[in-house]
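Asker: Here's my sequence, what's the structure:
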Amino acid sequence: SVTILLLDEVDALGGGGQNNQNQSDSQHSATSYLCQCLDAMQMQTGQRNGNNYSYSYSNSMCIVATSNRSSDVHVSLRRGGRLEKTIHVTTPPQDRLVLLETILRNSISNSCLKVNMNMNMSASASASASASAIDLYWLPEVVKDISNRTGGYSAADIVALAGDISKQIAAMNISSNSNSNSNSNSNSDNGTNTNILTKETFLNFFNISRTSITPSCLRGVSIQIPKVTYNDIIGNNDVKSSLKRVLYFSSSYMRENALKFGLKSPGGVLLHGPPGNSKTRLVMAAANEYSLPVISLSAADIYSPYVGDAEAEIRRAFSIARQAAPCVLFFDEIDAMVTNRDNDSNGSGGTSTSVEARILATMLTEMDGIGISSQGVIVLAATNRIESIDAALLRKGRFHHIIEIKKPNPETCIELLKYYCKKCNLSQVIMNELLLSLDTSSGSSSGSSSSRLYDMSGADIENLCREASMEQLRKHLYHLSPSTNTNTKTCS
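Answerer: So this is what the prediction gives:
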């Protein structure tokens, strides 16, 4: 017989990773003693045959260790003869689909049944109410959509997500049954449930639960669930279409069909253009279009006073993105992270050892590997200084799509002005005054007016409307202030 010895959370016993300096004295002693035990077990099961050992596994011991931080397990424990095999356990998309449907169906059914029994219904009334409330003919279709939106969720995360959804369903059923009892006793005697769980209600509950329950692999990571839509962005229709085509690769259906034609990844997308023209907002809207989480990184997130931390943060970001796929990995102001080796101030001809050069080398390596094992990771970046980015990072296969976002033309400026005036609840008179100031035929020469319009970005127009709204607010508060009313009465 085979005896299995389980070492749970082995990183707590033999931590330290590849750095012995990260180990405390107690961890170092535990690691050394554990290595001795593993070696002693192997020697006891072996039989000496001359100068060689022959091992018999008929009555042996199998040691299985688990950890959610394999990089923290000391390298001496992972060599051959000890813990020599490493198996990475994940939740594939097809398994996640089965888990979601099974757990959600059981959770919803139990929730509806418990609520009906707690409302002191008769057995027949409870059965009929539960049957009407849990008619989940639409669940398989919804689960396919949810599966693409729960990348990185483990089995425990899915159980927590289903539990939160069932609580919302239970609260809905309790409210419905209480209202029916208060309105008419006849409906409660018949067990009539007026609030049947529908597909739209379930998706609403799922969106609420998804904002509070994040995947375990994304805990401690700056992740955003975008709420910006394409309707909030005026113009840039060509850019919107290009982003839609790229992010369509995040769906499992598209990836399966793309592999038939030898397409593994759409490549990264770099948005460049003047500041204040909705580059970041376009990324968020594109991710929201396909309900993808966004892992956002900026220069402030990766730079550290310690040598090697910036490169490790880049590798960690790509590793987390692969675990949480499908998702969007977004590098904001990427020109502040990497350097252009052709413009090296040291004059070393591209052999700089600066932090930016090391980050660039790390990104080049990760961008080469992202297309093979990404499984739905879309890399997006934004910059207003594309000349500061190294040409090696801009080649095809890395940032495959380079999209320029120009300043809005006069017609788009007017549309932006109308949009922000409506958003700031400005009066029609103020809107007309601002439109008149931006009109191409307002007294001045067409050339100077057009030049003035082209110099305005979307952020400038938004700020213009915000300042007009603040002026309206100051006038409103001035008329409502007590001192103003007192002075008015005195003068009269």
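
Asker: since we're on residue 326, how many residues are nearby?
Answerer: 27 (other Cβ atoms under 10 Å). Where C-beta positions appear, they are placed from N, C-alpha and C, glycine not excepted.

Asker: host element of residue 226?
Answerer: Using DSSP states H and E, residue 226 is not contained in any helix or strand.

Asker: was I right about it contacting residue 287?
Answerer: Yes - with contacts counted by Cβ atoms under 8 Å, residue 226 reaches residue 287, the gap being 4.9 Å.

Asker: Identify the contacts common to those two.
Answerer: residue 294 (Cβ atoms under 8 Å, 6 or more residues apart in numbering).

Asker: pLDDT of the lengthiest helix in the chain, averaged?
Answerer: Across the chain, the longest stretch assigned as helix under DSSP state H is helix 155-183. The pLDDT scores in helix 155-183 average 79.

Asker: coming back round to it: give me the more crowded residue out of residue 226 and residue 287.
Answerer: For the pair residue 226 and residue 287, the greater number of neighbours falls to residue 287 (24 against 18), based on other Cβ under 10 Å.

Asker: Quick one: the helices in the stretch 201-350 of the chain, in order.
Answerer: Secondary structure of the stretch 201-350 of the chain (DSSP state H, counting those that start in this stretch): helices at 237-247, 252-259, 279-289, 299-302, 309-323.

Asker: what's the nearest residue to residue 38 if we skip its chain neighbours?
Answerer: Once flanking residues are discounted, residue 38 sits nearest to residue 82: 4.5 Å by Cβ to Cβ, 6 or more residues apart in numbering.

Asker: does the one you found really touch residue 31, like I thought?
Answerer: No - in this structure, residue 82 is not within contact of residue 31 by Cβ under 8 Å, at 11.0 Å.

Asker: Overlap of the contact sets of those two?
Answerer: residue 76.

Asker: May I ask which helix or strand encompasses residue 35?
Answerer: Counting by DSSP H and E, residue 35 is part of helix 25-45.

Asker: Give me the distance between that helix and the centre of its chain.
Answerer: Relative to its chain's centre, helix 25-45 lies at 41 Å (Cα atoms, centre = their mean, to the nearest Å).

Asker: give me the number of residues near residue 280?
Answerer: When neighbours are counted by other Cβ under 10 Å, residue 280 comes out with 17.

Asker: how about the residue positioned nearest the centre of the chain, phi and psi?
Answerer: Geometric centre of the chain, nearest residue: residue 293, 2.4 Å, by Cα atoms, centre = their mean. The phi/psi pair for residue 293 (degrees, to the nearest 10) reads phi -70, psi 150.

Asker: could you list every residue that touches it?
Answerer: Taking Cβ under 8 Å, 6+ apart as the test, what residue 293 contacts is 151, 218, 223, 224, 225, 287, 324, 327, 328.

Asker: of all these, which comes closest to residue 338?
Answerer: Among the contacts of residue 293, residue 328 lies closest to residue 338 (Cβ to Cβ), at 19.1 Å.

Asker: Can you name the residues that contact the closest one?
Answerer: 247, 250, 283, 286-287, 292-295, 377-380.

Asker: Tell me what it is bridged to.
Answerer: residue 294, residue 378 (DSSP bridges).

Asker: Return the distance of it relative to residue 249.
Answerer: For residue 328, the distance to residue 249 equals 11 Å [Cβ to Cβ, to the nearest Å].

Asker: overlap in contacts of those two?
Answerer: residue 378.

Asker: Quick check: residue 431 touching residue 420?
Answerer: No - applying Cβ under 8 Å as the test, residue 431 and residue 420 come out as separate, 9.8 Å apart.

Asker: quick one: buried residues of the helix or strand containing residue 146?
Answerer: Under DSSP H and E, the secondary-structure element containing residue 146 is helix 139-148. By neighbour count on 16 or more other Cβ atoms under 10 Å, the buried set for helix 139-148 is 139, 142, 143, 146, 147, 148.

Asker: Now the residues you listed in a markdown table, please, with extra columns for pLDDT.
Answerer: Shown next, in a markdown table, are the buried residues of helix 139-148 (pLDDT from 0 to 100):
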| residue | pLDDT |
| --- | --- |
| 139 | 82 |
| 142 | 84 |
| 143 | 85 |
| 146 | 84 |
| 147 | 80 |
| 148 | 75 |
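
Asker: just the residues you listed now: which is nearest residue 271?
Answerer: residue 148 (23.9 Å).

Asker: quick one, phi/psi of the closest residue in space to that closest one that isn't next to it in sequence?
Answerer: The spatial neighbour of residue 148 that comes closest, neighbours along the chain excluded (Cβ to Cβ, 6+ apart), is residue 251 at 5.8 Å. Main-chain torsions, residue 251, degrees, to the nearest 10: phi -80, psi 140.
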